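[1] Task: produce atomic coordinates for the following.
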Amino acid sequence: MNPAQLFAAAAQSEAALARGEGDAYDHMIVALALAERGDSAGAEQAFDRALALEPNNPAVLTGLAAWHRKEGRLRDALLACDKAIAAAPDYADAWVERGAAYAAGGSSARARACFAQAAALAPGNAPAHAGFAALAARDGALDAARAAARRALALDPHNLGAAGALAAAELEAGDARAARSLMEPLVAQAPLGADRPQASSTLAQACEKLGDYAAAYGHYAQSKADFAALHAEAAQRYLPSTTFIEALSEGLAAVDPARWASPLAPDALAPTHVFLLGYPRSGTTLVENVLASLPGVAALEERPTFGEADRRFLMGGREDVVAGVGAFAALDAEGLRPLRAAYWDKVRSAGVAADAPHLVDMDPMKGTRLPFVARLFPAAKVVIMRRDPRDVVWSCFKTSFAPTSGTMEYTTLERAARHYDALMRLTDLALERLPLTAMELDYRALVREFDATTRALCDFTQIPWSEEVRRFDRTAQARGVSTASAGQVRKGLYDGSGQWRPFARWLEPVLPLLEPWIARFGYD
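    Predicted coordinates for the structure are as follows:
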């Protein structure tokens, strides 16, 4: 249900509870409404009341799982789903939510299996078919995507998720006109809800393919405006990402560079340890899968591997972050060792074997964690992707992302450009002041001189090069890709440069922020 429907249902449940007639389900509806309004403490209390009444109610547990998923607590979401399924194995909604949680975590194959199970249990469950269709379209299984999407639309003709999956399949098959015809009337009449931003984005992609750039820009802008409106209350609870990055720069600038020397010996747990970063949409997913194609390489995709260090030093307001950088720089070896151990715990829990000879930790935003890299892993190699800033900022604006403090910065071109500028400044400051072994890798050189560039990359990282790097598309298909680059990487090597050009007039106002970086990276 959309927020308006949820709030109306919550008002009825609150009235029933006030009369003494409510039950566990009513407490759950109230909890979900409180969560939608950004009141996490109130939501938790309402869920506690619901579970105190009926601890094994599958509907309540599924609602709890949905809340945990939206909060980013995916492990808790899966545990709640598993408890619901244990109590009622045939409860299809729990399987749907389990699929959504796995999809949010990037486990596409598991997610599709959950949606398929839900559809088998309840053939009339439109969200089950729609969830399967969306993942099948993302993974390039076009026939399966079309079939599942059409089943969902037969059950619910206004299901935006199913329509979007069908349109995505048509786009990948080259029929942008069919995708536009399908999405345009649905988006025009859809109320604001969780599926409308993605639906508007899919419609925008169809318009872009057809060369109707004004319509495409309008739908991209509407998608981002909807995204901002849906998550505005939740965003108030977090420090804006640009402010966070500026605080890191302030803290880093305030520390004597000599204090960043690490008292720890190089880590022997991964003979080759690579941090791959840059900025979202700069080519990090492509490089990750190139390296993951080589023997002995284990690659992590956007995992919060520095979670313990984040909790101790980077939480709170701007002043807390500035102070946290200084406090981390002051740690001695005894203070650093538990943080290094916590990092490896995260890596192992992600499924990386202890004997993996090469580890690639890919996260385009880990430029914000370079102080941690410098002191905890002094022998690590840092690879920084560089791409035309206009392509990067435009792509972040047009792409649909999961809600985070970072992706809220992509809701306008101006915010995206300011965020990009802030991270580039921080990265340059880190390279200047921290004892890092770093390489800048140019996207344009990678796609135009692939063998030579990947050989240089392997020489730097000390991962032996082989012709397997050319099979990165197969690697991506086998591993599954959860980033926004999934579709591109599956298709193999192509040059995505210049995608900003048809939208140059909308980028003009932010060029003063980007021009120094355009020149710095050789794209002027």
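
[2] residue contacts, the residue lying closest to residue 324 once chain neighbours are set aside?
    Among residues not flanking residue 324 along the chain, residue 313 sits closest, at 3.6 Å (Cβ to Cβ, 6 or more residues apart in numbering). C-beta here means a position set from N, CA and C on the backbone, and glycine is covered the same way. The neighbours of residue 313, taking Cβ atoms under 8 Å, 6 or more residues apart in numbering as the test, are 324, 325, 327, 328.

[3] can you tell me which two in the residues you listed are farthest apart?
    The span of those, defined through Cβ to Cβ, is set by 325 and 327 at 7.4 Å.

[4] More neighbours: which of these two?
    residue 325 (21 against 14; other Cβ atoms under 10 Å).

[5] Return the helix or strand in this protein with minimum mean pLDDT.
    helix 486-490 (a mean of 52; mean pLDDT, DSSP states H and E).

[6] And the next helix or strand past that one?
    On the C-terminal side of helix 486-490, the nearest following helix or strand under DSSP states H and E is helix 504-507.

[7] Mind listing residues that contact that next one?
    217, 390, 393, 394, 413, 500, 514.

[8] now do stretch 115-125
    With Cβ under 8 Å, 6+ apart as the test, stretch 115-125 has contacts from 90-93, 95-96, 99, 127-129, 131-132, 135, 148, 151, 155.

[9] Could you do stretch 7-15 as well?
    Outside of stretch 7-15, the residues within contact range by Cβ under 8 Å, 6+ apart are 1, 22, 25, 26, 27, 29, 30, 32, 33, 34, 36.

[10] and what of stretch 16-23?
    So stretch 16-23 is contacted by 13, 26, 27, 30, 53, 54 (Cβ under 8 Å, 6+ apart).

[11] If we go by neighbour counts, what in that stretch is buried?
    For stretch 16-23, a neighbour-count test (16 or more other Cβ atoms under 10 Å) marks 16, 17, 22 as buried.

[12] So, low pLDDT: which residues of the stretch 51-200 of the chain?
    Across the stretch 51-200 of the chain, nothing is flagged by pLDDT under 70.

[13] Walking through it, point out its strands one by one.
    Counting by DSSP state E, counting those that start in this stretch, the stretch 51-200 of the chain has no strands at all.

[14] Equivalent analysis for the stretch 351-500 of the chain, please.
    358-362, 381-386, 437-442.

[15] Tabulate these in CSV, adding columns for distance to residue 107 and mean pLDDT.
    Output for those, formatted as CSV (distance: least, Cβ to Cβ, whole Å; pLDDT from 0 to 100):
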stretch, distance to residue 107, mean pLDDT
strand 358-362, 17, 95
strand 381-386, 25, 98
strand 437-442, 28, 97
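
[16] Deepest-packed of the ones you listed, please.
    Most buried of the strands of the stretch 351-500 of the chain by mean neighbour count (mean count of other Cβ atoms under 10 Å) is strand 358-362; its value is a mean of 25.

[17] That one pairs with which strands, and in what direction?
    strand 272-277 (parallel), strand 297-301 (parallel) (DSSP bridges).

[18] domain ranges for this structure?
    Under the assignment automatic domain parsing, the domains of the chain span 3-234, 241-520.

[19] How far does the first one stretch from one end to the other?
    According to Cα to Cα, to the nearest Å, domain 3-234 extends 14 Å from its N-terminal end residue to its C-terminal end residue.

[20] cool, stretch 374-392 as well?
    End-to-end distance (Cα to Cα), stretch 374-392: 26 Å.

[21] How about stretch 267-284?
    End-to-end for stretch 267-284, by Cα to Cα: 24 Å.

[22] So which elements touch the longest helix seen in the chain?
    Using DSSP state H to define each element, the chain has its longest helix at helix 413-433. Here helix 413-433 touches helix 241-254, helix 370-376, helix 389-398, helix 511-520, going by 3 or more Cβ pairs under 8 Å, 6 or more residues apart in numbering; DSSP states H and E.

[23] Taking strand 381-386 as reference, get the angle to the third one.
    An angle of 90 degrees separates the directions of helix 389-398 and strand 381-386 when computed by axes from the mean of the first three to the mean of the last three Cα atoms, to 10 degrees.

[24] before we move on, back to that, max pairwise distance over the contacts of helix 504-507: which two?
    217 and 514 (17.6 Å).

[25] how close does the residue nearest the centre of the chain get to residue 70?
    Residue closest to the average C-alpha location in the chain (Cα atoms, centre = their mean): residue 402, at 5.3 Å. With distances taken as Cβ to Cβ, to the nearest Å, residue 402 is found 10 Å from residue 70.

[26] Could you do residue 252 as well?
    Residue 252 is 33 Å from residue 70, by Cβ to Cβ.

[27] The two: which is more packed in?
    residue 252 (22 against 19).

[28] Residues in contact with stretch 249-264: which ones?
    So stretch 249-264 is contacted by 321-326, 329-330, 332-333, 336-337, 340, 371, 374-376, 378, 422, 425-426, 429-430, 433-435 (Cβ under 8 Å, 6+ apart).

[29] as a whole number, average confidence for that stretch?
    Stretch 249-264 shows a mean pLDDT of 96.

[30] same check, this time on stretch 324-338
    97.

[31] in that stretch, what's buried?
    So for stretch 324-338, counting by 16+ other Cβ under 10 Å, buried means 324, 325, 328, 329, 331, 336.

[32] Who are the contact partners of the fourth one?
    Applying Cβ under 8 Å, 6+ apart, we find residue 329 in contact with 255, 259, 260, 371, 375.

[33] ok, of these, which one's closest to residue 306?
    Set against residue 306, the nearest of the contacts of residue 329 by Cβ to Cβ is residue 371 (10.0 Å).

[34] Leaving aside the residues adjacent along the chain, what's closest to residue 447?
    Closest to residue 447 by Cβ to Cβ, 6+ apart is residue 495, at 4.5 Å.

[35] sorry, back to before: report the separation between the residue nearest to residue 324 and residue 422.
    When distance is defined by Cβ to Cβ, residue 313 is 19 Å away from residue 422.

[36] Sketch out the helices for the stretch 151-300 of the chain, chain order is fine.
    160-172, 176-189, 196-209, 213-230, 232-235, 241-254, 284-292 (DSSP state H, counting those that start in this stretch).

[37] Which positions within the third one qualify as buried?
    Along helix 196-209, these residues count as buried under the neighbour rule (16+ other Cβ under 10 Å): 196-209.

[38] And stretch 87-95, by the same measure?
    Applying 16+ other Cβ under 10 Å to stretch 87-95 flags 88, 91, 92, 93, 94, 95 as buried.

[39] Identify the residue nearest the second one in space, chain neighbours excluded?
    Counting by Cβ to Cβ, 6+ apart, residue 58 is the residue found nearest to residue 91 once chain neighbours are left out, at 4.3 Å.

[40] before we move on, what about the first one?
    In this structure, residue 88 finds its nearest non-sequential neighbour in residue 58, 4.1 Å apart by Cβ to Cβ, 6+ apart.

[41] Any idea how many residues pack against the one you found?
    Neighbours of residue 58 using other Cβ under 10 Å come to 22.
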